[in-house]
Structure formats: structure tokens, C-alpha cells
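# structure of the sequence below:
(one chain, ligands or ions: 2)
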Amino acid sequence: MLKKLLSFIPRSGKKKVPAYSRQVIPRERHTVSRSILSEPSKKVLNRLNNAGFEAYLVGGGVRDILLGQRPKDFDIATNATPEEVHELFRNSRLIGRRFRIVHVLFGREVIEVTTFRGSAADTNDEDDDDRKTSEHGLLLRDNVYGNQEEDALRRDFTINALYYCVKDFTVVDFANGIKDLENRQLRLIGDPETRYREDPVRMLRAVRFAAKLDFEIEPATEAPITELAPLLTHIPSARLFEEVLKLFSAGYGEASYYKLREYDLLDALFPDTVRALDAGEPEALIIQALQNTDRRIQQGKSVTPYFLYAAMLWPALQVEWRKRQDDGESIQPALHQAIAKVIGRQVQATAIPKRFSGPMKEIWEMQMRLPRRQGKRAFVTLEHPRFRAAYDFLLVREDAGEIEPGLGQWWTDFQEQDERGQEKMLSELGAESPRKRKRRRKPESRA
Ligand code: ATP
Ligand code: MG
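Ligands and ions are numbered 1, 2, ... in the order given. I've put the predicted structure just below:
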């Protein structure tokens, strides 16, 4: 008994890492079958196998099928080198430097093929050109190849290290992933702190999978997150932009957001937003926008990064805009300056490609144009390429209780009217507005 207890106490200087053993789950004891795989993924697996290589479906593909969900994409792991894979598929591209992989392209479907990576034991070898770590323990490059078991143990979570073989229909589990799937637990393979230091994005992935799968982050995997969250500032901004999109535009953005806040992970992604929220700026618009986005995705509708970013940065914009007005700038130039400032700072955290920052700006600017409808203005606004997004944004602001409802409904009605009806709405507006203005002036003059 004592011996058993002692075996749980880590030896000094060494962090305890659970010992794993390979388990093979035969066809009749799991739910993965070839019929669920996409045609392109089967083609890639078969051609690699026929050429004499090992090849497995791995990662989200296996995990999601075992959970009864449709995988977002199908990733493949093989013992063929990237060059060998590239040679087998004319429709393929070698990509990545930090992590060399092959994309095999079938129309819109991309199959990601990764060569088995070697064990992480010698990551500090400075002379090793294929694997490099930074002073923070960050894995800068990881192109040391290995066998399937080594590959499994350098993946992130146990539930992501399951392999499906199309030759004998087995699922191979190296890290007790099946058990964690059954218990709905997200567990990092190896020592959590080391694994987060190697790649801080794993903290975002923990939160994302917990939100997506409704899994619990098991205590040891959860414990270091808040403390290590600032390491995310070392990650290139372009990679963080991609992670933000995965977090917020895959149908579980609201749940992801709460978890990011809970573990202080939002600070590295949207520092100005967090500062604004902490200073008392309302959060309701962000929540409302994320709920809307989740709903749209459920309904099979498209969502755009610029709408999401417009919402995520709105509290930061309000603070900056108000500050400038308080300093005496008039409302319009203050808005333009504030927009430039907020975007300029945000791109240091997460990149925002120009094709998204332009439309995001327009959504914001149009919030000032939407109330001004007299004369020909409403027609001009309606024709604006960003009208739809700006109008949706207005509705979100109303739903969030940020502004009085009414204007959104007006624009909803205006879009549904024919030209005569629209003219009528505008003339009613023209007749109404002087009275309104008079009413509004009264309390001001009293003050
Ligand atoms: P989804 O595609 O649904 O987002 P996924 O688990 O397939 O989830 P991918 O980003 O497609 O995630 O990665 C495929 C697999 O590669 C993962 O399941 C995991 O095994 C491994 N992986 C991805 N990113 C990392 C990482 N940062 N560290 C370690 N392993 C990783
Ligand atoms: Mg995947």
C-alpha cells in the first residue's frame, strides 16, 4: 500500500508524467467507419497505404466521429516524409516552416497530411536545425520525424491522439484518450506547464475544445492556464488572428468567450477590450453579437470576421471615442481618430488582414449614418456595400440595450417597402423630425 502511495509522489526535480501504453480498439468496439470519412480523406489514406506507407486518420476527425459529431476536417498522420507525400499527390502543396506539412487539395476540401513527429525529449538542442525552442520554452520549429507512438505523445490532448486505420479498421489509443472521451475530460499529454510553454496556443485550444465539446478541463491541465496566459503575447499576431476565428466563428463563440474571460486569456487577444470592460464598459453587445453568430452558424448562414471584430472591439472604440470628445474634438473626427487608434493597437495583438479591417471601419462609421435618413440619404445608405452588415450591427446594439429600439425597425420596414412606400416613410420622417427636435431641446434649455 505504501509503495502504491509513494508511486504517486513525483520524484524530486522531475515532474510526474503518467505512463501510457498502446491500446488497440477493434472494429466492433468503436463507431468509426470508412463510410463516415470524406471521399478525399479515403483517397489519401488508401494511396499512402498502397505506396507502402503507414497512414492514419488522426485528431479531430477520429475524436468527433467517436463523439457522434461531424468532423470539421480530416487530418492524416503518416510515416511518409512531406516530400514523399508531395510526390504521391500532384494536387498537393508543401507548407509551413515551423511545422512542415502537406496540403492535398480536392476542390474546397483540404486534407492535411502530417509526418509523424519525434519525441520532445531533446528540444533544447540549440544546434539542431530541425527543432528549435526559444528562451521561453516556445517550440519555434518542430520537424524531427519519429514513429507513431512518439507522434501521439507530442500531440496536445489525449482525445486528439487517437488514430484510425483504414486497413484493419482499428482505433489506436496511445494516451488513454478513449477513457477521457468517455469521461468528457480534456487532458494535456505530459506535463501541462511544459506543454503550454512549448506552445501557448494550446491554452486557447483547451478553452476551444472545452466549449465546443462541452468537456471539463481536468484540474492539472486547467491549473497553470491563468498564470501562463501572458505567454500568448509571444505568439505571432497572424496565428492568433486565426485562433480568434476558430474560437468565435465555429458555432460556440459565446461559450468560448466566457471561458477566455474566466482564464484571463482574452487579455492577450483583445487587450484594449478587456481594459474597457474592466473599466465598466458594457459587455452586452459582445455577448449579443456572439449569440447571433452562433445562431447564424446553426442555421447554415455565413459569418464574417469583420463583423465579429467590429463587435469585439466596440467597447474599446467607445472608450477612445469618448476620450477624444472629452478632449474637445468634434464627434466625427473623434470617431475617425479613435478607429485608427483602436485598429493600430489591435493589430499588434492579433493581425487583422486589410480585407477585414476596411469593412470593419465601415460598419462603425455607418452607425453614425444610419440615423440620418432625410432627403436622398437613406437611399445612398441602402446602396452602400456595407449596409447589410452595418444594419445587422445596429440591430445587435439595440438588442443589447445600448440604444433605444426603433431605428432598426425603421430600416427593416424601409427595406421591405416599394419606392412609393419608401418615399412616404421619408416624408413622414421629414414631418416628424422638427417636432422631435423641439421636444428634445426643452430639457437641454432648462439645464
Ligand atoms: P478541429 O479541426 O475540430 O479544430 P483538431 O483537433 O482536428 O480540431 P487541428 O488544429 O485540425 O485540430 O489539429 C489536428 C491535430 O493536430 C490535433 O487533433 C492534435 O492532435 C494536433 N495538434 C494541433 N495543434 C497542436 C498543437 N498546438 N500542439 C500539439 N498538437 C497539436
Ligand atoms: Mg482538424
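# excluding its backbone neighbours, what's nearest residue 184?
residue 215 (4.7 Å; CB to CB, 6 or more residues apart in numbering). Backbone N, C-alpha and C define where each C-beta goes, glycine included.
# wait, doesn't residue 63 sit right on residue 159?
Yes - Residue 63 is within contact range of residue 159, at 5.1 Å (criterion: CB atoms under 8 Å).
# what sits in contact with each of those two?
177, 181 (CB atoms under 8 Å, 6 or more residues apart in numbering).
# how about the residues of the stretch 1-150 of the chain near ligand 2?
Applying CB under 5 Å from the ion, we find that the stretch 1-150 of the chain lies next to ligand 2 at 60, 73, 75.
# ok, now which ones touch the second one?
When you say that, I think you mean residue 73. 60-61, 109-112.
# can you check the last one too?
With contacts defined as CB under 8 Å, 6+ apart, residue 75 is in contact with 57-61, 111-114.
# can you tell me the helix or strand for residue 57?
Here residue 57 sits within strand 55-58, counting by DSSP states H and E.
# pairing partners for that strand, with directions?
Looking at strand 55-58 with DSSP bridges, its partner strands are strand 75-78 (antiparallel), strand 162-164 (antiparallel).
# immediately after the first one, which helix or strand?
What it means is strand 75-78. helix 82-88.
# CA atoms of that next one as PDB?
This file holds the C-alpha atoms of helix 82-88, laid out as PDB (Å, rounded to 0.1, in the frame of the first residue of the first chain):
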ATOM      1  CA  PRO A  82       6.400  15.700 -46.600                       C
ATOM      2  CA  GLU A  83       8.400  15.300 -49.800                       C
ATOM      3  CA  GLU A  84       7.200  11.700 -50.300                       C
ATOM      4  CA  VAL A  85       3.600  12.700 -49.800                       C
ATOM      5  CA  HIS A  86       4.000  15.600 -52.200                       C
ATOM      6  CA  GLU A  87       5.400  13.300 -54.800                       C
ATOM      7  CA  LEU A  88       2.400  11.000 -54.500                       C
END
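# return the helix or strand just after it as PDB; C-alpha atoms alone will do.
Helices and strands here follow DSSP H and E; after helix 82-88, the next one along the chain is strand 92-95. Extracted as PDB, the C-alpha positions of strand 92-95 are listed here (Å, rounded to 0.1, in the frame of the first residue of the first chain):
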ATOM      1  CA  SER A  92      -0.600  18.900 -53.100                       C
ATOM      2  CA  ARG A  93       1.400  21.800 -51.600                       C
ATOM      3  CA  LEU A  94       4.200  21.700 -49.100                       C
ATOM      4  CA  ILE A  95       3.500  24.400 -46.500                       C
END
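# re earlier: of all the strands paired with strand 55-58, which lies closest to ligand 1?
Between ligand 1 and those, the tightest spacing by CB to the nearest ligand atom is seen for strand 75-78, at 4.4 Å.
# does the closest one reach ligand 1?
Yes - judged by CB under 6 Å from any ligand atom, strand 75-78 comes into contact with ligand 1 through residue 75.
# list the contacts of the closest residue to ligand 2 within the stretch 1-150 of the chain.
Among all residues of the stretch 1-150 of the chain, residue 60 sits closest to ligand 2, at 3.6 Å; criterion: CB to the ion. Contact analysis of residue 60 by CB under 8 Å, 6+ apart lists 71-73, 75, 160.
# could the strands paired with strand 55-58 go into a markdown table alongside mean pLDDT?
A markdown table is the format used below for the strands paired with strand 55-58 (pLDDT from 0 to 100):
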| stretch | mean pLDDT |
| --- | --- |
| strand 75-78 | 97 |
| strand 162-164 | 97 |
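# thinking again about what came up before, flag whichever of the contacts of residue 60 scores worst on pLDDT.
Minimum pLDDT for those is recorded at residue 72 (89).
# what about it, which SS state?
Secondary structure, DSSP: H, G, I helix; E, B strand; the rest coil: residue 72 is coil.
# and the gap between it and residue 209?
12 Å (CB to CB, to the nearest Å).
# look at those two and report which has more neighbours.
Neighbours were counted for residue 72 and for residue 209 using other CB atoms under 10 Å; residue 209 has more, 21 against 13.
# any idea how far that one lies from ligand 1?
7 Å (CB to the nearest ligand atom, to the nearest Å).
# can you list contacts of stretch 149-158?
20, 22, 58-59, 77, 116-120, 142, 161, 163, 174-177, 180, 186-190, 195, 199, 202, 205-206, 209, 221.
# stretch 19-31 now?
Applying CB under 8 Å, 6+ apart, the contact partners of stretch 19-31 are 65-66, 68, 149, 153, 168-176, 178, 189.
# hmm, back to that, which of the contacts of stretch 149-158 are buried?
20, 58-59, 77, 116-118, 120, 142, 161, 163, 174-177, 180, 186-190, 195, 199, 202, 205-206, 209, 221 (16 or more other CB atoms under 10 Å).
# wait, residue 89 sits on residue 44?
Yes - if you go by CB under 8 Å, residue 89 and residue 44 touch, sitting 7.3 Å apart.
# ok, the two, which is more surrounded?
residue 44 (27 against 19).
# what kind of secondary structure is that one in?
Residue 44 ends up helix, using three-state DSSP.
# tell me if I'm right that it and residue 61 touch.
No - look at residue 44 against residue 61 with CB under 8 Å: they stay out of range, at 11.6 Å.
# and stretch 298-306, how far out from the chain middle?
Centroid separation for stretch 298-306 versus its chain: 13 Å, with CA atoms, centre = their mean, to the nearest Å.
# that should have said stretch 143-151, apologies.
So, by CA atoms, centre = their mean, the centroid of stretch 143-151 is 27 Å from its chain's centroid.
# and what of stretch 20-33?
With CA atoms, centre = their mean, you get 30 Å for stretch 20-33.
# the helix or strand harbouring residue 297 near ligand 1 at all?
Per DSSP H and E, residue 297 falls inside helix 284-298. No - Helix 284-298 does not reach ligand 1 (CB under 6 Å from any ligand atom); its nearest approach is 13.9 Å.
# show me what that helix is packed up against.
Packing contacts for helix 284-298, counted by 3 or more CB pairs under 8 Å, 6 or more residues apart in numbering; DSSP states H and E, involve helix 253-262, helix 305-312, helix 314-326, helix 387-399.
# what angle sits between the last one and helix 314-326?
Looking back up the chat, that one is helix 387-399. Helix 387-399 runs at 90 degrees relative to helix 314-326, counting by axes from the mean of the first three to the mean of the last three CA atoms, to 10 degrees.
# so which bits of helix 387-399 are buried?
Neighbour-count burial for helix 387-399 [16+ other CB under 10 Å]: 387, 389-399.
# can you dump the C-alpha coordinates of the next helix-or-strand element following it into CSV?
Sequence order places helix 407-416 as the next helix or strand after helix 387-399, per DSSP H and E. C-alpha atoms of helix 407-416 as CSV (Å, rounded to 0.1, in the frame of the first residue of the first chain):
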residue,chain,number,x,y,z
LEU,A,407,-34.2,52.8,-35.8
GLY,A,408,-33.5,49.2,-36.6
GLN,A,409,-37.2,48.5,-37.2
TRP,A,410,-37.4,51.7,-39.3
TRP,A,411,-34.6,50.3,-41.6
THR,A,412,-36.3,46.8,-41.6
ASP,A,413,-39.5,48.4,-42.8
PHE,A,414,-37.7,50.7,-45.3
GLN,A,415,-36.1,47.7,-47.0
GLU,A,416,-39.4,45.9,-47.4
